[in-house]
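Novice: Got a predicted structure plus its sequence, pasted below:
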Amino acid sequence: MMSGNKLLTIVTITFNRQKELVGLYNSLRHQTSYNFKWLVLDDGSDDKTVDYIIKVKQEAPFQVKLIKNKNIGKYKEMNKVFPIIDTELLLFLDSDDYLIDDGVEMIQEKWEQYQNDSNIGSLIFERGNGNDKDPFYKISQEIISHRYYYLIKNKQYGDYSDVFVTKHIKSYRFPEFSGEKFMSEGPLYYWLSQKYKSIFIPNILTIGAYQTGGLTRNIRKNQINNYQGTLYETNLYLNKDTPFLFRIKKAILFNYVTLKSPQNYRKVFLHSEHKFLLCISLLPAYLLSLKKIDVS
């Protein structure tokens, strides 16, 4: 193994979430296995996040590392993470989530079954909806498949807990757009699915709930305010490797965000390789754009 025989790096990218970090840290402290280290990237917090993590470093029964950055946004912080991870596996864990008590042990046991398969890019577990009994989205059985294509084909849209094989994602980078702090992990999943398979595991690994200040609750506002990243991601899903009806749905989103953005729609349309999709989805996108959304 890499990194002093530690198997896993748990990465938390946080901004002004000191109170939520207490629950996350307690879940890590209660793990049945300490075969991991915790890397915290503070995205320019102005609360007591940094002080709290410094305190945690002194008492934690596992290695804790803190990296302080300016407020650049989660996806740009992820770009900084990929090249510095030196463990076999990588798990991004939000500050308002926590890990079940035997989570690290469960990852280790499952990885031992598949670690010699070079085609595996990630382990995918369920994410509990506030408890360890009810997943947000159920995985019916253990299966090996390409993440993006399997979920789209089976119309399973939602959050899961992805444990990445580090060597397979070290080279990945999100494109960065000036002034934008938000992009979903979708492009990473799409890229990984074109190269590697994932193991879908019907067990809850992490538990969370959507917080008022979290990214997920403000998805539409974030998509409009960060329109360049949204258009980049959405454009990926307009390709012919995606089912037609899902392409239509994403074309509506592409048109909608373009109409809501400072972009010149005609210029964007003329440069698109998906003019047919954009044409047939323009009217519903326009009608949606008439609805007022607070993007402040």
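Specialist: It's in.

Novice: Have a look at this protein and report the helix or strand with the lowest mean pLDDT.
Specialist: When the helices and strands of the chain are scored by mean pLDDT, DSSP states H and E, helix 219-225 comes last with a mean of 89.

Novice: What's the first helix or strand after that one?
Specialist: helix 227-236 (DSSP states H and E).

Novice: Tell me which stretches of the stretch 101-250 of the chain form helices.
Specialist: Remark: helices assigned in the stretch 101-250 of the chain by DSSP state H, counting those that start in this stretch are 103-114, 147-153, 166-169, 186-195, 219-225, 227-236, 244-260.

Novice: Helix, strand, or coil at the residue nearest to Asp46 when sequence neighbours are not counted?
Specialist: When the adjacent residues along the chain are set aside, Asp46 lies closest to Asn16, with 6.6 Å between them (C-beta to C-beta, 6 or more residues apart in numbering). Using the backbone N, CA and C atoms, a C-beta is placed for each residue, glycine as well. Reducing the assignment at Asn16 to three states with DSSP: H, G, I helix; E, B strand; the rest coil gives coil.

Novice: on that earlier part again, would you list the helices of the stretch 101-250 of the chain in JSON lines and tack on mean neighbour count?
Specialist: Rendered in JSON lines, the data for the helices of the stretch 101-250 of the chain read as follows (neighbours: other C-beta atoms under 10 Å):
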{"stretch": "helix 103-114", "mean neighbour count": "18"}
{"stretch": "helix 147-153", "mean neighbour count": "18"}
{"stretch": "helix 166-169", "mean neighbour count": "18"}
{"stretch": "helix 186-195", "mean neighbour count": "19"}
{"stretch": "helix 219-225", "mean neighbour count": "18"}
{"stretch": "helix 227-236", "mean neighbour count": "20"}
{"stretch": "helix 244-260", "mean neighbour count": "19"}
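
Novice: Nearest to Lys48, out of these?
Specialist: Taking C-beta to C-beta as the measure, the helices of the stretch 101-250 of the chain were each checked against Lys48, and helix 219-225 came out nearest at 25.3 Å.

Novice: other SSEs contacting that closest one?
Specialist: With contacts defined as 3 or more C-beta pairs under 8 Å, 6 or more residues apart in numbering; DSSP states H and E, the secondary structure elements packing on helix 219-225 are helix 244-260.
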